[in-house]
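**Student:** coords below, sequence missing:
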């Protein structure tokens, strides 16, 4: 079995819970979609909320009941190994919420309503849709819960990418990595994630239309991530 050295991401700047809004009425770590709601610019990372302050939470481990909240930052490994329930709680802890399925698709397609964030036709490798199979690389043949949640999986080179690393995987609203990299949970208590991940962005629909309903809401593995949405802030006087 191959030994994969631990990958340490660079320190991230942790946004505070205060939701200072930009001129569009969205928090500064979010973008306005369709003129009607806010969406995280990047796939979510987690920070752990402690009695005295906060610290980044390991991106390759399940929250497992820890008190965490979601942040959206560039240049960080996004949070995998998270269930829909945990993602929902993490969004709420930052004054946000999981995106509804229809919102997620709208946000992914951008103003031109294209199949992919960057256009109508797939352009391989523009998003992280070409990763190596980490289970093959590590010689993991089992598909048990423990095997699918092994922390080493997303540490294999050419698998998970940092947020915004694929600079062309963005739409005209400034939303990155909505196709590939990690699956993204949406607000369906029956269990739905969208967008595909680095090994699969086509099997269950192309690009922004990718949708999986194969797992319950409290399922998680190395491929499951998320981002948050938020209602548009009403500015007084408007």
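**Tutor:** That came through fine. On a predicted model such as this, the values are computed, not experimentally measured, just so you know.

**Student:** Need the single longest strand in this protein, by residues.
**Tutor:** The longest strand of the chain (DSSP state E) is strand 45-50.

**Student:** Would you give the sheet partners of that strand, along with the direction of each?
**Tutor:** strand 53-56 (antiparallel), strand 68-71 (antiparallel) (DSSP bridges).

**Student:** Any idea which of those gets closest to residue 157?
**Tutor:** strand 53-56 (21.5 Å; C-beta to C-beta). Every residue, glycine included, has its C-beta placed from N, CA and C.

**Student:** Now do the buried residues in that closest one.
**Tutor:** By neighbour count with 16 or more other C-beta atoms under 10 Å, strand 53-56 contains the buried residues 54, 56.

**Student:** Likewise for stretch 38-48?
**Tutor:** So, applying 16+ other C-beta under 10 Å, buried residues of stretch 38-48: 38-47.

**Student:** could those residues go into TSV alongside pLDDT and distance to residue 187?
**Tutor:** Converted to TSV, the buried residues of stretch 38-48 look like this (pLDDT from 0 to 100; distance: C-beta to C-beta, whole Å):
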residue	pLDDT	distance to residue 187
38	97	15
39	98	13
40	98	14
41	98	19
42	98	19
43	98	16
44	98	14
45	98	19
46	98	18
47	98	21
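
**Student:** ok, residue 185 touching residue 195?
**Tutor:** No: between residue 185 and residue 195 there is no contact under C-beta atoms under 8 Å: 10.1 Å.

**Student:** overlap in contacts of those two?
**Tutor:** Common contact partners of residue 185 and residue 195 (C-beta atoms under 8 Å, 6 or more residues apart in numbering): none.

**Student:** in terms of contact, does residue 26 touch residue 35 like I think?
**Tutor:** No: judged on C-beta under 8 Å, residue 26 makes no contact with residue 35 at a distance of 10.8 Å.

**Student:** In terms of neighbours, single out the busier of those two.
**Tutor:** Taking neighbours as other C-beta atoms under 10 Å, residue 26 and residue 35 compare with residue 26 leading, 22 against 10.

**Student:** ok so, going back, pipe the strands paired with strand 45-50 into CSV and attach distance to residue 110 and mean pLDDT per row.
**Tutor:** Shown next, in CSV, are the strands paired with strand 45-50 (distance: least, C-beta to C-beta, whole Å; pLDDT from 0 to 100):
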stretch, distance to residue 110, mean pLDDT
strand 53-56, 30, 96
strand 68-71, 22, 98
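
**Student:** Of all the ones you listed, which one is nearest residue 125?
**Tutor:** Nearest to residue 125, of these and by C-beta to C-beta, is strand 68-71 at 27.5 Å.

**Student:** Report the distance from that closest one to the chain centre.
**Tutor:** The chain centre lies 12 Å from the centre of strand 68-71; the measure is C-alpha atoms, centre = their mean, to the nearest Å.
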